[in-house]
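Visitor: no sequence for this one, just the structure:
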Ligand code: SF4
């Protein structure tokens with residue numbers, strides 16, 4: 001593989017092999033003056049993901065430029081690992097995967113299939129486009145919101161879903177997001193922590209500042225004053241680290257998800273709880289939002305909430321609605337009309 005190609009797709013095994021063959025050690029990469037430019041670009045890569053949620057195109061006009069660009073990838077992964085913030089790992093993974101998507105759109109069918117092969121996706125060329133296994137399609141399209149991704153809107157033949165290149169590349173993006181997220185954080189040694197201490201502090205401070213602003217704004221773009229009393233109560237209980245029954249967690253997560261929050265935003269909302277267990281919460285949230293199960297759940301209606309004992313402090317509006325989501329919508333209309 002040409003180094004210019006490896007620089008564009010640094011996550012490929014061949015790209016990693018290129019670096020191994022070049023004989024550059026981790027120590028050299030972290031400390032040697034010869035790799036200062038690579039470290040600079042690695043920092044840039046991480047900061048772009050932090051600030052914009054995407055990775056910029058960096059001009060590559062020579063073999064040296066391409067090598068530096070390729071080296072910036074392992075450096076970026078070291079910095080992200082050292083920050084060790086799950087939400088930031090995900091943000092970085094999404095940014096890298098998006099960049100790969102942009103680039104893959106312009107590649108040949110042969111190259112795209114080489115990438116799918118490496119990622120373990122069973123793809124065939126079919127009817128002028130591609131086909132993927134039904135189960136793979138379901139798994140990797142579970143987070144796509146657009147109706148056009150729903151299974152009922154697909155052409156299916158012999159258990160395979162027919163897709164065009166644009167869709168195939170979007171599936172690759174999703175697979176890459178999952179792969180990079182699962183690979184990080186890597187273990188980092190003291191030398192790495194010391195070398196990138198300034199960046200690590202800056203990123204942590206930025207993340208903390210954003211979380212503060214997020215909390216101050218009251219759930220980002222959602223309006224907490226429109227929440228029904230049950231959801232306000234469940235949210236405050238979770239944030240205070242109080243014991244909330246599974247039915248309550250399920251109701252709140254599915255409610256927030258139906259209002260448009262994704263798994264990471266929901267996790268961030270819960271992260272203030274003193275007993276916050278990132279791993280456990282992520283599993284529960286991903287299950288309810290459909291990222292693991294493939295099924296997006298809807299919050300229970302009021303009668304079910306009552307039978308679970310989690311209909312807290314119903315107010316006058318509660319007498320007019322049958323579902324917590326309706327409460328949010330009706331209250332929104334009331335606000336807009338100034339009532
Ligand atoms: S009546 Fe429905 S919306 Fe109101 S608090 Fe009870 S469960 Fe929530």
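Guide: Sure, I can see it. Bear in mind that the values here come from a model prediction, so they are computed numbers and not experimental data. Residues are numbered from 1 along each chain as shown.
Visitor: per-residue pLDDT, the residue nearest the centre of the chain?
Guide: By CA atoms, centre = their mean, the chain has its centre lying nearest to residue 90, at 4.5 Å. You'll see residue 90 listed with a pLDDT of 88.
Visitor: quick one: it from residue 49, how far?
Guide: Remark: distance between residue 90 and residue 49 (CB to CB, to the nearest Å) = 10 Å. C-beta here means a position set from N, CA and C on the backbone, and glycine is covered the same way.
Visitor: show me what counts as buried in the helix or strand harbouring residue 110.
Guide: Assigned by DSSP states H and E, residue 110 belongs to helix 109-119. Residues of helix 109-119 classed as buried: 112-116, 119 (neighbour count, 16 or more other CB atoms under 10 Å).
Visitor: follow-up on the earlier one: residue contacts, the residue nearest to the centre of the chain?
Guide: 177, 181, 264 (CB atoms under 8 Å, 6 or more residues apart in numbering).
Visitor: let's see 6 Å
Guide: Going by CB atoms under 6 Å, 6 or more residues apart in numbering, residue 90 touches 181, 264.
Visitor: again with residue 54
Guide: 95, 98.
Visitor: tell me the pLDDT of it.
Guide: For residue 54, the pLDDT comes out at 88.
Visitor: can you tell me which of the buried residues of helix 109-119 is nearest the ligand?
Guide: Of all those, residue 119 has the smallest distance to the ligand: 43.5 Å, by CB to the nearest ligand atom.
Visitor: confirm for me that that closest one is in contact with residue 177.
Guide: No. With contact defined as CB atoms under 6 Å, residue 119 does not count as touching residue 177 (11.4 Å).
Visitor: before we move on, the earlier item: what helix or strand is the residue nearest to the centre of the chain located in?
Guide: helix 86-104.
Visitor: and the angle from that helix to helix 109-119?
Guide: Relative orientation of helix 86-104 versus helix 109-119 (axes from the mean of the first three to the mean of the last three CA atoms, to 10 degrees): 150 degrees.
Visitor: tell me which residues of helix 86-104 come out buried.
Guide: 86-101, 104.
Visitor: residues of the stretch 101-250 of the chain that sit close to the ligand?
Guide: Residues of the stretch 101-250 of the chain lying close to the ligand by CB under 6 Å from any ligand atom are 228-230.
Visitor: and the strands in the stretch 151-300 of the chain?
Guide: Listed in chain order, the strands of the stretch 151-300 of the chain (DSSP state E, counting those that start in this stretch) span 155-157, 160-163.
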